[in-house]
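Visitor: Can you look at this prediction? I've put the sequence above it.
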Number of protein chains: 2
Amino acid sequence: MAKVTIIGAGAMGSALTVPLTENGHQVRLWGTELDSGIIEKLRKGLPHPKHKHHLPPQIETYQADELSEATKDAELVIMAITSDALGIIFERVVPYLKKGMIVGSVSKGFDYSKNGQIVILPEILEALLPKTLCPDISLIVVGGPCKAVEVVWRSPTAVTYSSKNIEAAKFMQSLLMTEVYRVEVTTDVIGTEVCAAMKNAYSVGLGLAEGFKTKQGFLHNNTKAALFAFATAEMGILTKAMGGSLESVIGLPGIGDLEVTGEAGRNRMLGEVIGGGLPASKAIEKMKQEGITVEGYPAIKFGYYLAKQLEQDQKLSIDQMPLLEGLYNILYNNAPAYQTVMRLLQNCTGYYK
Amino acid sequence: MAKVTIIGAGAMGSALTVPLTENGHQVRLWGTELDSGIIEKLRKGLPHPKHKHHLPPQIETYQADELSEATKDAELVIMAITSDALGIIFERVVPYLKKGMIVGSVSKGFDYSKNGQIVILPEILEALLPKTLCPDISLIVVGGPCKAVEVVWRSPTAVTYSSKNIEAAKFMQSLLMTEVYRVEVTTDVIGTEVCAAMKNAYSVGLGLAEGFKTKQGFLHNNTKAALFAFATAEMGILTKAMGGSLESVIGLPGIGDLEVTGEAGRNRMLGEVIGGGLPASKAIEKMKQEGITVEGYPAIKFGYYLAKQLEQDQKLSIDQMPLLEGLYNILYNNAPAYQTVMRLLQNCTGYYK
């Protein structure tokens, strides 16, 4: 039995309590200040409000001011914080980390490093570790198609844990893998992270094709499928330019996660609304008014700027990324969605060309 | 203006009249004996019964006994016949073929060669060409995500034409490509054909996950997405073992076509019914009674036997194909769908492992 602390009591953090308790581990779920209502409900024996489902009763719950108790003697700490708050929360966790601890992260996205470069999230975490601790803390990132609520329901799921330290990934795998939550391990941290972030961006594109149905009055499944293939190609180009491996792109973190994210969810929905005819600026204004976070929206900007950054470093050419450029123009410059997609489909050329 | 003859007046054959006439070519649509009712309707100016949509009025239509007139002086002949009848119909077309003609094929699947080996369809066509003609007829196969009716509607579509003779593929591309029907060309005939056939097989698998929703009462999108990734990996293993390229697998013919086929259609529907709890033998009996052809059903058997054949030739190991083996056991041996999928997800290992 291992002691595992989950930082963040949102959808994914709380879902992971299910395989962990199934494997008999001692699980502590720590909520941020924003999660205090969730923790209260769980303590009263109520269902998790995001899942409308009870979590395993044996888990321990901790409020924001109980971080010290929550992390005591943990062998594994899992960061389950939205990408925009990951750094701030991790800074609060760092004082409790000890040599040999394993840190997992389910956050997905990009951020700016201190020198203004766009980097993957593990680099943000590593930069926050004290130099004395850094070599002795192993980071593991989680990728692959995984709607949190389905982990709670026990729908058969397969995900990828990636770490530069494969033994650490295997340790985390040994704690979480069950007959319905399959975990594969790889060393391709970059590929897993680039795909995890970019699949949100490209899912907005897949959503556009869904919206075209409404706008034009007939199906656009061919369009969606073509966009799917070209999205994968561009994820491959971006991954390779960042130093990652195609293995992740054509595996669970890339096409697997893109498939599930294009099937349903807020990224797809944003695309669908715009594809249906609402100007992007209006769609985003509405989204902001309603307080809805759509990760694909910043991911398109981050991805596009990252591609530009990589072009400057002569690692790729922006001409190889017509879909990403098109999405940026639609989402940030109000370019007309239908015409833009029609035109860019003529310019997408796949991975090998 | 080129003269183009389409052999087969079904959904795909008739759909291709749209881009061809848009580009100003002289298009002849020839129907088999089974298509005579369709040809009659078209001659009366009625909509095509499969598309519920009018075809371009300038196309010429030919009944089964008018094959000679239909093929006269054709520069391009497109075979648009279901895979099980392709050989028989092509034998009737061969006497009208002349040196320098280009033959395209939109049929997808496998068949047995004369010596009992499972082969891709272009090999069946080549074997039927007289030796004197064979070197002077270029074959082009069509892959990629393309629901026929959406070509008629002019939904933006992107497909792949593959030929050993890239110039022939480019010629066919030049005749058909429009602003909404984008054509890329490759030389990977094997990859395009293996994907075209196997995506039907694996779509039955994706359908299973849809059926699990009904059976279990909750979503299985994680399961479907994991199956999508592992299906792609296995298409890659099979393609490489056959001598094809990964380019097609991670492009339009592979993941693109798998995406659209897993989204809707009869292959997915067969899987959905079985995933929902109907034993496979009953589902197939029902399908046969209703006269419905589901290409994925024979494709699973062909694919599995092909994998066994390739294992004998030491080109792959059947252990690399747990999803295909699982589908074979579910469809042909009534293995329980849910337990089989749950178990095989633990054994799928992706393309690179």
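Guide: Happy to help now that I have it. As the structure is a prediction and not an experimental result, all values here were calculated from the model. Numbers count the residues shown, from 1 in each chain, chains lettered A, B, ... in the order given.
Visitor: is the host helix or strand of A:Val152 anywhere near chain B?
Guide: Assessed by DSSP states H and E, A:Val152 sits inside helix A:148-153. Yes: interface with chain B: helix A:148-153 contributes A:Val149, A:Glu150, A:Val151, A:Trp153 (C-beta under 8 Å from any C-beta of the partner chain). All C-beta atoms are positioned from the backbone trio N, CA, C, and that covers glycine.
Visitor: neighbouring contacts of stretch A:281-290?
Guide: Stretch A:281-290 has contacts (C-beta atoms under 8 Å, 6 or more residues apart in numbering or on different chains) with A:Leu270, A:Val273, A:Ile274, A:Leu278, A:Val294, A:Tyr297, A:Leu331, A:Asn334.
Visitor: And the helix holding A:Val152, what does it pack against?
Guide: Helices and strands touching helix A:148-153, by 3 or more C-beta pairs under 8 Å, 6 or more residues apart in numbering or on different chains; DSSP states H and E, are helix A:11-15, helix A:17-22, helix B:221-242.
Visitor: And it, how far out from the chain middle?
Guide: 16 Å (C-alpha atoms, centre = their mean, to the nearest Å).
Visitor: Using CSV, write down the CA coordinates of it.
Guide: Written as CSV, here are the backbone C-alpha positions of helix A:148-153 (Å, rounded to 0.1, in the frame of the first residue of the first chain):
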residue,chain,number,x,y,z
ALA,A,148,-12.4,11.8,-16.2
VAL,A,149,-16.0,10.8,-15.5
GLU,A,150,-15.5,7.6,-17.5
VAL,A,151,-12.7,6.6,-15.1
VAL,A,152,-15.2,7.0,-12.3
TRP,A,153,-17.7,4.9,-14.1
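Visitor: Only alpha carbons, please: show the helix or strand following that helix as PDB.
Guide: As assigned by DSSP H and E, the chain's next helix or strand after helix A:148-153 is strand A:157-162. C-alpha atoms of strand A:157-162 as PDB (Å, rounded to 0.1, in the frame of the first residue of the first chain):
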ATOM      1  CA  THR A 157      -9.600   3.300 -20.600                       C
ATOM      2  CA  ALA A 158      -6.000   3.300 -21.900                       C
ATOM      3  CA  VAL A 159      -3.600   6.100 -21.100                       C
ATOM      4  CA  THR A 160       0.100   6.900 -21.400                       C
ATOM      5  CA  TYR A 161       2.500   7.800 -18.600                       C
ATOM      6  CA  SER A 162       5.700   9.400 -19.900                       C
END
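Visitor: Determine which two of the contacts of stretch A:281-290 are furthest apart.
Guide: A:Val294 and A:Asn334 (16.7 Å; C-beta to C-beta).
Visitor: more neighbours, those two?
Guide: Taking other C-beta atoms under 10 Å in any protein chain shown, A:Val294 and A:Asn334 do not tie; A:Val294 has more neighbours (23 against 14).
Visitor: confidence score at the more buried one?
Guide: pLDDT, A:Val294: 92.
Visitor: Correct me if wrong: it contacts A:Gly271.
Guide: No: using C-beta atoms under 8 Å, A:Val294 is not in contact with A:Gly271; the gap is 9.4 Å.
Visitor: Need the residues touching each of these two.
Guide: A:Val204.
Visitor: how about the helices in the stretch 51-200 of chain A?
Guide: A:67-71, A:86-93, A:121-128, A:148-153, A:166-176, A:189-216 (DSSP state H, counting those that start in this stretch).
Visitor: JSON lines please, covering those helices and showing mean neighbour count, distance to A:Pro19 and mean pLDDT.
Guide: JSON lines is the format used below for those (neighbours: other C-beta atoms under 10 Å in any protein chain shown; distance: least, C-beta to C-beta, whole Å; pLDDT from 0 to 100):
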{"stretch": "helix A:67-71", "mean neighbour count": "17", "distance to A:Pro19": "19", "mean pLDDT": "98"}
{"stretch": "helix A:86-93", "mean neighbour count": "17", "distance to A:Pro19": "22", "mean pLDDT": "97"}
{"stretch": "helix A:121-128", "mean neighbour count": "19", "distance to A:Pro19": "22", "mean pLDDT": "95"}
{"stretch": "helix A:148-153", "mean neighbour count": "23", "distance to A:Pro19": "7", "mean pLDDT": "98"}
{"stretch": "helix A:166-176", "mean neighbour count": "19", "distance to A:Pro19": "5", "mean pLDDT": "98"}
{"stretch": "helix A:189-216", "mean neighbour count": "27", "distance to A:Pro19": "19", "mean pLDDT": "97"}
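Visitor: okay, the ones you listed in JSON lines with distance to A:Ile137 next?
Guide: Compiled in JSON lines, these are given as follows (distance: least, C-beta to C-beta, whole Å):
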{"stretch": "helix A:67-71", "distance to A:Ile137": "13"}
{"stretch": "helix A:86-93", "distance to A:Ile137": "11"}
{"stretch": "helix A:121-128", "distance to A:Ile137": "9"}
{"stretch": "helix A:148-153", "distance to A:Ile137": "25"}
{"stretch": "helix A:166-176", "distance to A:Ile137": "9"}
{"stretch": "helix A:189-216", "distance to A:Ile137": "14"}
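Visitor: Much appreciated, bye for now.
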